[in-house]
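**Q** Take this sequence and fold it.
(chains A and B)
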Amino acid sequence: MTEAIVNELTAEEQTQLECVYVKPGTLTETRFHYCPGCGHSVAHRALMEVVAELGIQESTVGVAPVGCSVFAYHYMNVDMQEAAHGRAAAVATAVKRILPDRYVFSYQGDGDLAAIGTAETIHVCNRGENIMMVFINNAIYGMTGGQMAPTSMLGMKTTTTPAGREAETSGFPIKIADMVAMLPGVAYVTRQSVHTPNAVRQLKKAFTRGFQYQKEKRGTCFIEVVSNCPSGWKMTPLEANRWLVDNMFPLYPPGDIKVPA
Amino acid sequence: MEKVEFPAYVPADHIPPKPWATTGKPKNRERNFVTSLHMQPEQMEEVNIHLQAKYAAIAAKEVRYELVEADDAEYLIVAYGLAARIAHRAVQLARHEGIRVGLLRPITLWPYPTEVLQSLASHLHGVLVVEMNAGQMVEDVRLAIEGRTPVRFYGRMGGVIPAPDEVLHALNTMVHSEAAQPVEAH
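**A** Alright, predicted model coming up:
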């Protein structure tokens, strides 16, 4: 489409064009399959832009999750592994230990990282594995149809809590970023978001710091991304991003939770 | 029983190249990604066909078993693991009593030593399967024998270790039963 617009310009006009924004080479040509407004596309792009800006495409290995972003390796133009559900950080541990000079990241949602993969998440952090864990938290199981996730807020209506999540039967939402921040092996924990351009810029800074700390062998870097699920939440993209601010930020406020000394 | 055999040490730079490995994408190659998930049915089927060929190659090359006193055997005990050790002693006791019995000890349960069982089946008067469970491998034996000769089962459960004379008794019961009566399991 961009080419078509450019072709309509005169030769002289074309010479005056300056390229100010392009798709980074760290993303493939494959189109995102995500729902309109989904935070995954934005988070994928932010992460891959950082990889491009740091010039580490050749030395980065990622581990994909199970969930909506199971096909992350179709979009991210770096070497990647698929992991069994919940085990991305464990696989990333193996990659990092075999190839300690590479940048290794795992990318998981809340069901993957904070439910089925809780054991791996906690123990990878407790061992202080020198990897970057990206945690996309949208408080719901998106791919399977909007069921309650461990991170769902009290009172939140999901397909498995139609009357709203109650602590008596479903427990409390897990603030896993705050939990892993307690562990001495964890160097950097931050909570960011993707709902505004400024939030995306902050997220990119967090990714940049995560890779930098990994280079310095500081320990585990854990980056939570408060995200949305317009389809699962039954909202328009705009409504979802507003709902995120009103309903998720009170429990999951953005900002650094732990930074290296 | 099989001992663990450690292959000789191979230095890392002597192992075959792995062009598929996720070591970081150089500029001159496409990215590598390791996955078992393909959403295109045709693509997934290709993987399945590849895996089936792999299983067939394993089935053809990797069958392992031990045959004891099988040359003149009229009866055969099939047992693996601990039960096979006990059955081995029972075979010695039975031979002492004049019963022509042998032992087939599958070392691989998959691929299963189906062919050797089939080749022996037509010469046998009966097969006794001995296991320390309610009968798991006995189904593989029956699939291989395909009714050519009676297949009996003797098993103990819960971790009870059968004594050789128990197995011998089960064998004797089968040998002396003219009709196809199942050997009673405890």
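**Q** how far away is B:V151 from chain A?
**A** As judged by CB to the nearest CB, to the nearest Å, B:V151 and chain A stand 39 Å apart. No exception for glycine: its C-beta is placed from N, CA and C like everyone else's.
**Q** And for B:P162?
**A** With CB to the nearest CB as the criterion, B:P162 and chain A are 39 Å apart.
**Q** does any part of whichever helix or strand A:F211 is part of sit near chain B?
**A** Per DSSP states H and E, A:F211 falls inside helix A:197-215. No: counting by CB under 8 Å from any CB of the partner chain, chain B is not contacted by helix A:197-215; separation bottoms out at 13.4 Å.
**Q** what inclination does the following helix or strand past that helix have with respect to helix A:197-215?
**A** Using DSSP H and E, the helix or strand that follows helix A:197-215 in sequence is strand A:220-226. Counting by axes from the mean of the first three to the mean of the last three CA atoms, to 10 degrees, strand A:220-226 points 170 degrees away from the direction of helix A:197-215.
**Q** Who are the packing partners of whichever helix or strand comes after strand A:220-226?
**A** Sequence-wise, the next helix or strand beyond strand A:220-226 is helix A:230-233, with elements assigned using DSSP H and E. Secondary-structure packing of helix A:230-233 (3 or more CB pairs under 8 Å, 6 or more residues apart in numbering or on different chains; DSSP states H and E): strand A:140-141, helix A:237-243.
**Q** now, of those, which is deepest in the fold?
**A** Greatest average neighbour count among these goes to strand A:140-141 (a mean of 26), per mean count of other CB atoms under 10 Å in any protein chain shown.
**Q** Check the offset of that strand from the chain's centre.
**A** Strand A:140-141 sits 14 Å away from the centroid of its parent chain (CA atoms, centre = their mean, to the nearest Å).
**Q** partner strands of it, parallel or antiparallel?
**A** strand A:147-148 (antiparallel) (DSSP bridges).
**Q** Residues touching the next helix or strand after the partner strand, excluding its own?
**A** Toward the C-terminus, strand A:147-148 is succeeded by helix A:167-170 as the next helix or strand (DSSP H and E). Helix A:167-170 is contacted by residues A:148, A:152, A:154, A:161 when judged by CB atoms under 8 Å, 6 or more residues apart in numbering or on different chains.
**Q** ok, which pair from those is furthest apart?
**A** Using CB to CB, the two most remote members of the contacts of helix A:167-170 are A:M148 and A:L154, lying 10.8 Å apart.
**Q** Can you work out which residues contact both of those two?
**A** Shared contacts of A:M148 and A:L154, counting by CB under 8 Å, 6+ apart, come down to A:R165.
**Q** one step back: between the helices and strands packed on helix A:230-233, which one is nearest to A:R191?
**A** Nearest of the helices and strands packed on helix A:230-233 to A:R191, taken as CB to CB: helix A:237-243 at 16.1 Å.
**Q** Give the residue spans of the chain that score low on pLDDT.
**A** Looking at chain A here, since you left the chain open. For chain A, the stretches with pLDDT under 70 are A:1-2.
**Q** Correction: the question concerned chain B.
**A** For chain B, the stretches with pLDDT under 70 are B:1, B:178-186.
**Q** At which residues are the strands of chain B located?
**A** Assigned by DSSP state E, the strands in chain B fall at B:33-34, B:65-68, B:75-78, B:101-106, B:126-131, B:151-155.
**Q** The stretch 51-200 of chain A now?
**A** With DSSP state E, counting those that start in this stretch as the definition, the stretch 51-200 of chain A shows strands at residue ranges A:60-64, A:79-82, A:103-109, A:132-137, A:140-141, A:147-148, A:186-193.
**Q** helices or strands up against the last one?
**A** With contacts taken as 3+ CB pairs under 8 Å, 6+ apart, strand A:186-193 sits against helix A:176-181, helix A:197-215, strand A:220-226, strand A:255-258.
**Q** which residues are in contact with that strand?
**A** By CB under 8 Å, 6+ apart, the residues outside strand A:186-193 that reach it are A:125, A:128, A:177-178, A:180-181, A:199, A:202-203, A:206, A:209-210, A:213, A:218-227, A:244, A:249, A:252-260.
**Q** got the CA coordinates for it in CSV?
**A** Taking C-alpha atoms only, strand A:186-193 is exported to CSV below (Å, rounded to 0.1, in the frame of the first residue of the first chain):
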residue,chain,number,x,y,z
VAL,A,186,16.1,-11.5,40.2
ALA,A,187,17.8,-8.3,39.1
TYR,A,188,15.2,-6.2,37.5
VAL,A,189,11.4,-6.3,37.7
THR,A,190,9.2,-3.7,36.0
ARG,A,191,5.6,-3.4,35.1
GLN,A,192,4.8,-1.6,31.8
SER,A,193,1.9,-1.4,29.4
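**Q** Contacts only, for the closest residue in space to A:P100 that isn't next to it in sequence.
**A** Counting by CB to CB, 6 or more residues apart in numbering or on different chains, the nearest residue to A:P100 once its immediate chain neighbours are dropped is A:N130, at 7.5 Å. Residues in contact with A:N130 (CB under 8 Å, 6+ apart) are A:96, A:100, A:104, A:214, A:217-220.
**Q** Residue 16: neighbouring residues, count only.
**A** This is for chain A. Look at A:Q16: counted by other CB atoms under 10 Å in any protein chain shown, it has 8 neighbours.
**Q** Switch to chain B, please.
**A** Per other CB under 10 Å, the neighbour tally for B:P16 reads 6.
**Q** And A:G164, by the same measure?
**A** A:G164: 14 neighbours (other CB under 10 Å).
**Q** residues in contact with it?
**A** Going by CB under 8 Å, 6+ apart, A:G164 touches A:154-157.
**Q** how close does A:R31 sit to A:V70?
**A** Between A:R31 and A:V70 the computed distance is 16 Å (CB to CB, to the nearest Å).
**Q** Please disregard the earlier target; I meant A:I174.
**A** For A:I174 relative to A:V70 (CB to CB), the value is 22 Å.
**Q** just B:A121 next, same as before
**A** Separation of B:A121 from A:V70 (CB to CB): 48 Å.
**Q** right, and A:L113 touches A:V124 too?
**A** No: look at A:L113 against A:V124 with CB atoms under 8 Å: they stay out of range, at 10.1 Å.
**Q** what's in contact with the helix holding A:F211?
**A** Contacts of helix A:197-215 (CB under 8 Å, 6+ apart): A:42-43, A:46-47, A:49-51, A:53-54, A:56, A:103-105, A:130-132, A:134, A:187-188, A:190, A:192-194, A:219, A:221, A:223, A:225, A:254, A:260.
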